[in-house]
Every structure is written in structure tokens, then in C-alpha cells.
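> Next come a sequence and a model predicted from it.
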Amino acid sequence: MKKHLSVFMLSASFAFWPTLIVSLLGAAGSFAWLYSLRGSENSNYMLGSELFSQLMIPIYVGVALLFILLTLNMRERGGVQPGYTLRRLGVDERTVFIWQAVVGALSFFIFMMFQAAVCFFYGLWLQNQGLGVAGNLSVLVGFVNGLYTHAMLPLGDLPVYLRMLVVYLTLGAAVAYASFMGRRGKTAISPFVVLAATLVLMAFQAQVASYTYEVIAIGTGAIICWCFWASISGRLKDGDNEAVQSPQGGTEE
């Protein structure tokens, strides 16, 4: 158990500053973006309508930036040698993958919660200014109607909670796999394909009672995570086979 905690803490220490910095920058970007829409004559920009559905650019840029930074974690670079630490701990790479995926998922969750905080407090300010379409319920209505805020805080929409959990874990698994390959001196393309698919297929958006998408997203995310796991297991097995090969091509007894 101590080894597992050590791996988790090591991964979390690498992810802490990228997550904090990107979350703060993302929150500032979303606030500036929302504030720039204030005073628009378009009724869709009123609090309680579709105001929080306009956050695609700051959220997508933030998620992509955080993803790229997290793929650099736990790699050998400069004076940083996490591989040496992992070898001393004697932890299997699949265990490292699991804990790094969990840390990655938490990082994306934290980023989105910073976004949710900005939307809530900005919406509360608009509501107090009398700029909501539903009076004292404008913030609540805005979170439900907003494509991104409903994904951040689905309230009573349980399937969206489950889907977002899988989305975070899938992105976490992708950065963990990229890091695994990076420790072997290789660059994996598949994690970036997963990132692109996540953004293009609107995984950070959610609509009320749109459950067909939730089922498909949950199933797809689970398959992707399994594929990363299977790839790591296969590479470790191949590495073990190569390790027991004699210089003449035979095997050791």
C-alpha cells in the first residue's frame, strides 16, 4: 500500500503546478470571455438562456494545454528521473499507469471545477444586477441550459455524472499512456487522437435527458481505457521476452 501511495504522490507532485496554472489561466480566460459578451443585444447571452454555452474556446484551449503538459509528466528530462524512482519502488508499470490516470482525471476535473466557479460567481453577479431571465433562479437555470455548465455540474442528471467520470478517466488514461511511452523514448500518437475526438465529439458538453449519447460515450471511453491497458501489458510482456533472450538468440534456462 505504501508503494501505491508513493506512486500516487509522485504523479500528483508532477501534475500539481500544470493543473493549478492552467486552471487559473482558464478561469481568467472564461471570465474575460463571458464579460466580453455582457451588454450584447442577443437574448441568448442573457443569464438563464444560453450564456454558458458560449465557453467553447476557453474550455477547449485550456483542456488541450493541460493535456499536453500532463503528457510530459513522469518522463526522463533534464535532472528529473522519475523512472529511477519507480524502479527503486519496484512498482509494475501497469500500477503506475492506473495511478497516473487517476491523477490525470483529477487534474481535468479540477480544471472544470475552476470553470464552474467562474460561471457561478459571474452568474450570481449578473443575477444580483437584475440581468437574469428567471429572477432569483437565473443562475440555476443558466447552469441547466448551458451546454458546458450542465456537464460541469449536472445537478440531478446522474447519467451525465457517470459520463463525465468516464471522460475524465479516459483523458487521464491517455496522458498516462503518453507518459509511459515517453519513458521508453517514444512518442505515442493515439493519446492525441483521443484528445481530438473528445473535443470534436463534444464530450465536455451535455444536454438534459440526452441519454443515448451518454451510453455511447461511456462505452467508448471504457473501450479506449482497456486498449491503453492492453497495449501497456503487451509491451511489458514483449520486454520480458526480450530480456531473457541470450545474445545468440536462444533463451536462458
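Nice, thanks for sending it over. Numbers count the residues shown, from 1 in each chain.
> Next, the contact list for Ser190, please.
Ser190 sits next to Ala174, Tyr177, Phe228 when contact means CB atoms under 8 Å, 6 or more residues apart in numbering. C-betas here are computed from N, CA, C, even on glycine.
> roughly how far is stretch 201-219 from the heart of the chain?
Centroid separation for stretch 201-219 versus its chain: 16 Å, with CA atoms, centre = their mean, to the nearest Å.
> Also stretch 183-190?
Using CA atoms, centre = their mean, the mean C-alpha position of stretch 183-190 is found 19 Å from that of the whole chain.
> lowest confidence element among the helices and strands of the protein?
Of all helical and strand segments in the chain, the minimum by mean pLDDT, DSSP states H and E falls on helix 82-89, at a mean of 66.
> Just the mean pLDDT for the helix or strand following that helix, thanks.
Downstream of helix 82-89, the first helix or strand assigned by DSSP states H and E is helix 93-128. Averaged across helix 93-128, the pLDDT comes to 95.
> Buried residues of helix 93-128, list them for me.
By neighbour count on 16 or more other CB atoms under 10 Å, the buried set for helix 93-128 is 93, 96-112, 114-116, 118-120, 122-123, 126-127.
> One more: stretch 161-170?
Across stretch 161-170, burial judged by 16+ other CB under 10 Å covers Tyr161, Arg163, Met164, Val166, Val167, Tyr168, Leu169, Thr170.
> Closest one of those to Met152?
Nearest to Met152 among the buried residues of stretch 161-170, counting by CB to CB, is Met164 at 8.1 Å.
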